[in-house]
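Asker: predicted model and sequence follow; I will ask about them next.
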Amino acid sequence: MVEVKNLSFSYGERPVLSDISFRAEEGELLSVLGSNGVGKSTLFRCMLGLLPGYSGQVLIAGQDIENLSARKLARLAAYIPQTSSPAFNYSVEDIVLMGCSSELGVFSSPGRAELARVDWALEKIGIAGLKKRCFHHLSGGERQLVIIARALAQNARVLMLDEPTASLDFGNQMLILSQIKALAAEGYTVIQTTHNPEQSYMFSDRILAIKDGRVLAQGSPRQVISQETLSLLYGADIRLSSLFGDRVRVCTPAFLADK
């Protein structure tokens, strides 16, 4: 569903991404792992057509995004930001309804089909009870679920999430990740950036690790989440412990693990 080929990007004379290549298949949750400033968000901006000065190719559903209008690209891929705070205190229904805008004309108004799609998206994410609530009055976890529902209302089959659990408590992190995993299981192609290797191991189908703007490793969670790879990725001496028959891997600084 998504293929990135030899993508490179620079801000002026400063290279940020170099020769990035990977695939994300239909029904797959791919986590992009790396430290601060390695280019994860820049990669997303390139893939969304927001930074057109890259070299290489980004293909979504077999189509090169350079040949797509913003409206056509929005029908293929939806973006879920780390945080969202609209200027006005819209209702949840109105926020999710905004996801239908790519299929409406300039002077068109939402009709029954769009309102039905809002109800469908809210039901699918399990937040139909929030429909008439004001967005600014929601908790952080509820807001993130609303933004995911807005992406579903967009009707795109590729979902790109930038650190979807950032600043959330543990319970809300598990709630969001479980919903994302369920969407992948239903056939969506889901790509998320994250700083958490332990959560990546538990929930991802594949992991792409980026260091200094290059691919350090990619593959299954068991291949990528290793002591050697994580120590290189974060520039720290890391130890890994396996729990529950290796269904969970826990990262520990070496100075604690070796005591």
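Answerer: Ah, there it is. Residues are numbered from 1 along each chain as shown.
Asker: start and end of stretch 227-246, how far apart?
Answerer: 14 Å (CA to CA, to the nearest Å).
Asker: so for it, what gets flagged as buried?
Answerer: Using 16 or more other CB atoms under 10 Å as the test for burial, stretch 227-246 gives 227, 229-231, 233-234, 238-240. For every residue, glycine as well, the C-beta is placed using N, CA and C.
Asker: and stretch 154-169, end to end?
Answerer: OK, stretch 154-169 end separation, CA to CA: 28 Å.
Asker: quick one: mean pLDDT for it?
Answerer: In this model, stretch 154-169 carries a mean pLDDT of 91.
Asker: same question, stretch 192-209
Answerer: What stretch 192-209 shows for mean pLDDT is 95.
Asker: stretch 109-120 too?
Answerer: Taken as a whole, stretch 109-120 has a mean pLDDT of 86.
Asker: name the residues that touch stretch 54-68?
Answerer: 1-9, 17, 19-21, 46-49, 52, 73, 76-77, 157-158 (CB atoms under 8 Å, 6 or more residues apart in numbering).
Asker: can you do 6 Å?
Answerer: Under the criterion CB atoms under 6 Å, 6 or more residues apart in numbering, residues 2-9, 46-47, 49, 73, 76-77, 158 lie in contact with stretch 54-68.
Asker: can you pull out the strands in the chain?
Answerer: For the chain, the strands defined by DSSP state E cover 2-11, 14-24, 29-33, 55-60, 63-64, 77-80, 158-162, 189-194, 206-211, 214-219, 238-243, 248-253.
Asker: to residue 124, which of those strands lies closest?
Answerer: The closest of the strands of the chain to residue 124 is strand 158-162. By CB to CB, the value is 12.4 Å.
Asker: which other residues reach the closest one?
Answerer: Under the contact criterion CB under 6 Å, 6+ apart, strand 158-162 has outside partners 2, 44, 60, 76-82, 151, 188-193.
Asker: re the thing from before, now for the buried residues of stretch 227-246: which two are most distant?
Answerer: The distance between the two most remote of the buried residues of stretch 227-246 (CB to CB) is 14.2 Å, for 233 and 239.
Asker: returning to that earlier point: farthest-separated two in the contacts of stretch 54-68?
Answerer: Maximum distance among the contacts of stretch 54-68 (CB to CB): 22.6 Å, for 8 and 76.
Asker: can you pull out the helices in the chain?
Answerer: Counting by DSSP state H, the chain has helices at residues 40-47, 70-74, 92-97, 112-125, 140-153, 170-185, 197-203, 221-224, 227-234, 254-257.
Asker: which among the contacts of stretch 54-68 end up buried?
Answerer: 2-4, 7-9, 46-47, 49, 73, 76-77, 158.
Asker: center of this structure - which residue?
Answerer: The structure's the chain has its C-alpha centroid closest to residue 161; by CA atoms, centre = their mean the separation is 2.1 Å.
Asker: and that residue, how far from residue 92?
Answerer: 19 Å (CB to CB, to the nearest Å).
Asker: check residue 167 too.
Answerer: In terms of CB to CB, residue 167 sits 20 Å off from residue 92.
Asker: pull the contacting residues for residue 210.
Answerer: If you count contacts by CB under 6 Å, 6+ apart, then residue 210 has 34, 38 around it.
Asker: next, count neighbours for residue 136.
Answerer: Neighbourhood size, residue 136 [other CB atoms under 10 Å]: 11.
Asker: and for it, nearest residue in space, chain neighbours not counted?
Answerer: Counting by CB to CB, 6 or more residues apart in numbering, residue 89 is the residue found nearest to residue 136 once chain neighbours are left out, at 4.5 Å.
Asker: please apply the same query to residue 236.
Answerer: Nearest non-adjacent residue to residue 236, counting by CB to CB, 6+ apart: residue 253, 6.7 Å away.
Asker: cool, and residue 131?
Answerer: In space, residue 131 is closest to residue 93, 5.0 Å off (CB to CB, 6+ apart).
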